[in-house]
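> 3D model of this:
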Amino acid sequence: MPQRKSYFALQLPKGWWIFGLDLALHGDIDVYQFKFFAELCRNKVGENDSVIIVTHEPNWLLDWYWKETTGKNVSHLIQDYLNGRCKLRMAGDLHHFMRHSATPSDKPTFVEHLLVNGCGGAFLHPTHVFKNFERFSGTTYECKAAYPSYEESSGIALGNILKFRKKNWQFDIIGGFIYFILVFSMFPQVSYTYS
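Residues are numbered from 1 along each chain as shown. Modelled structure (predicted):
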């Protein structure tokens, strides 16, 4: 379908919306997107409507892991314009599945559920490195599901280190042969001079 913008808003039945945000390469929306979604929140999204925000990258996990703060415009949009109507933030990019849900609290919850659905891809990103993630935007979250589980993820990571050579011995032979041919083909071009 022809598309003029890299972001979108889709109104669904029964008061649900999907906002597709483009975080680009810097982990945040630009001024034009912010203006578009802010006006939409003010003029069209009802007080009792629910919004699903979809991005390509789960910056809530990555910011926690790298101890950074990205997505200030996204946070401003969610906290000040949606103000509790964001029921789900969903992203891919990390090749695993994780769902965190907000724990009941007296403080306002700006996002109820955080979901990473990066499928498996050609490989799995570890989940066990995010085991201690529990706070985002002033809200406490609890991990409700993870695939692979923390234990499986830890075992896979250890297996990558200890068992890679044993499982992939064909790669060593084929890669070694190709490397030998490439290096051997360069020998006639090398001249040695002794003085």
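> Quick one: residues in contact with the lengthiest strand in the chain.
Determined from DSSP state E, the single longest strand within the chain is strand 139-147. Strand 139-147 is contacted by residues 96-103, 105, 107, 109-111, 114, 127, 131, 133-135, 153 when judged by CB atoms under 8 Å, 6 or more residues apart in numbering. Just so you know, the C-beta spots here come from the backbone N, C-alpha and C atoms, and that holds for glycine as well.
> now swap in stretch 36-53 and tell me
For stretch 36-53, contacts defined as CB under 8 Å, 6+ apart pick out 7, 9, 11, 15-19, 21, 29, 74, 77-78, 81-82, 85-90, 111.
> quick one: buried residues of that stretch?
Phe36, Phe37, Ala38, Leu40, Cys41, Val45, Asp49, Ser50, Val51, Ile52, Ile53 (16 or more other CB atoms under 10 Å).
> okay, the angle between the helix or strand harbouring Gly159 and strand 139-147?
Gly159 belongs to helix 150-162 when elements are defined using DSSP states H and E. Angle of helix 150-162 versus strand 139-147, following axes from the mean of the first three to the mean of the last three CA atoms, to 10 degrees, is 60 degrees.
> what's in contact with the helix or strand that helix 150-162 is followed by?
Scanning forward in sequence from helix 150-162 by DSSP H and E, the next helix or strand is helix 164-167. With CB under 8 Å, 6+ apart as the test, helix 164-167 has contacts from Asp172.
> Quick check: longest helix in the protein by residues?
helix 169-186 (DSSP state H).
> So for that helix, what gets flagged as buried?
Using 16+ other CB under 10 Å as the test for burial, helix 169-186 gives no buried residues.
> and what of stretch 5-25?
Applying 16+ other CB under 10 Å to stretch 5-25 flags Tyr7, Ala9, Trp17, Phe19, Gly20, Leu21, Leu23 as buried.
> can you check stretch 133-140 too?
Going by neighbour count (16+ other CB under 10 Å), the buried part of stretch 133-140 is Phe133, Phe136, Ser137, Thr139.
> Could you find the closest non-adjacent residue to the first one?
Put plainly, it is Phe133. Leaving aside its sequence neighbours, Phe133 sits nearest to Trp64 (CB to CB, 6 or more residues apart in numbering; 5.1 Å).
> How far away from the center of its chain is the helix or strand of the chain with the lowest mean pLDDT?
Of all helical and strand segments in the chain, the minimum by mean pLDDT, DSSP states H and E falls on helix 164-167, at a mean of 81. The chain centre lies 29 Å from the centre of helix 164-167; the measure is CA atoms, centre = their mean, to the nearest Å.
> What would it look like as PDB? C-alpha coordinates only.
Output of helix 164-167 as PDB, limited to C-alpha atoms (Å, rounded to 0.1, in the frame of the first residue of the first chain):
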ATOM      1  CA  PHE A 164      29.800 -23.800  19.500                       C
ATOM      2  CA  ARG A 165      32.900 -25.500  18.000                       C
ATOM      3  CA  LYS A 166      31.600 -29.000  18.700                       C
ATOM      4  CA  LYS A 167      28.200 -28.300  17.000                       C
END
